[in-house]
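Peer 1: Prediction below, plus the sequence it came from.
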2 protein chains.
Amino acid sequence: MTPVPARPARGSQTGRPMLAAFDLLGRRWALRILWELRGGPVGFRALQQRCDDVSPTVLNTRLGELREAGLIWQDEAKAHDLTALGRDLQRALKPLQAWSERWAAQT
Amino acid sequence: MTPVPARPARGSQTGRPMLAAFDLLGRRWALRILWELRGGPVGFRALQQRCDDVSPTVLNTRLGELREAGLIWQDEAKAHDLTALGRDLQRALKPLQAWSERWAAQT
DNA sequence: CTCAGTGCTACGGTTTTCATAGCATCGGCA
DNA sequence: TGCCGATGCTATGAAAACCGTAGCACTGAG
């Protein structure tokens, strides 16, 4: 079951957007998949390789969820790509990258 | 096994900080736990309730990972709280909240 | 009309997460 | 002193998620 802002998130009463986002992005490979799509459309097998050979089952499940959530879509050649909303999220995740480098520096 | 920036992340060769962050934050409840700690130290059972009664096993596992990663710590009263690094991450996650509201608005 | 490449699904085994019960400890408070 | 509720957390089996591999259907190049 794909989390969307309206519907209550897994393990939550209220459908608060942030909690739905946590539910969606807190699934394995979800963040990574979005990340690997940052440079334009990618085919299934290429995407799989970029994600360190994630198993196709999970990859396809995540792609389905992200598609249903409106973050990605498939073009006519079946390549997976970010939607405007997905690119928006991408930008929102930018500070996370900066943080991760501070994290690395501190350790 | 807790992901830290130096060590390679789960399912990754390189130990790129961003991938380690994805691994750490892509585990269930991890983001939520950090989020619920935004207002200061919280005890175990209170935190569990705020996280929609997450099972204590997972909560404790996540807390251990986040502690090992240096994002949270325990004060003398055993209450869980963000470290400076954790608060830093908190700030980095701020745009995500804004995004989630745009997401909700669009759906 | 092969043949390599692609998108994806089926299947069974392993890992993660879950729900519940319970232990040990620590204040109040009589 | 002995009880009582609350707290931090662990143990244990069941459910769900995830994984690796094999393979099907299709498409375009040669």
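Peer 2: Good, I have the coordinates.
Peer 1: Enumerate the residues of chain A near DNA strand C.
Peer 2: Contact residues, chain A versus DNA strand C (CB under 7 Å from any atom of the strand): A:11, A:43-46, A:55-57, A:60, A:63, A:74, A:78-80. Every C-beta, even on glycine, is put in place using the N, C-alpha and C of the backbone.
Peer 1: Point out where chain A drops to low pLDDT.
Peer 2: For chain A, applying pLDDT under 70 flags the ranges A:8-15.
Peer 1: Dump the residues of chain A next to DNA strand C into a markdown table; add distance to DNA strand D, neighbour count and secondary structure as well.
Peer 2: Formatted as a markdown table, the residues of chain A next to DNA strand C follow (distance: CB to the nearest atom of the strand, whole Å; neighbours: other CB atoms under 10 Å in any protein chain shown; DSSP: H, G, I helix; E, B strand; the rest coil):
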| residue | distance to DNA strand D | neighbour count | secondary structure |
| --- | --- | --- | --- |
| A:11 | 11 | 16 | coil |
| A:43 | 13 | 12 | coil |
| A:44 | 10 | 15 | helix |
| A:45 | 9 | 10 | helix |
| A:46 | 14 | 13 | helix |
| A:55 | 3 | 12 | coil |
| A:56 | 5 | 11 | helix |
| A:57 | 4 | 8 | helix |
| A:60 | 10 | 13 | helix |
| A:63 | 12 | 20 | helix |
| A:74 | 14 | 13 | strand |
| A:78 | 9 | 9 | coil |
| A:79 | 13 | 16 | coil |
| A:80 | 17 | 21 | strand |
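Peer 1: Out of those residues, flag the one nearest to DNA strand C.
Peer 2: residue A:43 (2.1 Å; CB to the nearest atom of the strand).
Peer 1: Show the contacting residues for the residue nearest to that closest one when sequence neighbours are not counted.
Peer 2: Of all residues not flanking residue A:43 in the chain, residue A:79 sits nearest, at 5.1 Å (CB to CB, 6 or more residues apart in numbering or on different chains). For residue A:79, the contact set (CB atoms under 8 Å, 6 or more residues apart in numbering or on different chains) comprises A:41, A:42, A:43.
Peer 1: List the buried residues for stretch A:96-107?
Peer 2: Neighbour counts using 16 or more other CB atoms under 10 Å in any protein chain shown place A:96, A:99, A:100, A:103, A:104 of stretch A:96-107 among the buried residues.
Peer 1: host element of the third one?
Peer 2: Looking back up the chat, that one is residue A:100. Element membership of residue A:100 [criterion: DSSP states H and E] is helix A:94-106.
Peer 1: Residue A:21 contacts residue B:103, doesn't it?
Peer 2: Yes: Residue A:21 is in contact with residue B:103 according to CB atoms under 8 Å; the separation is 6.9 Å.
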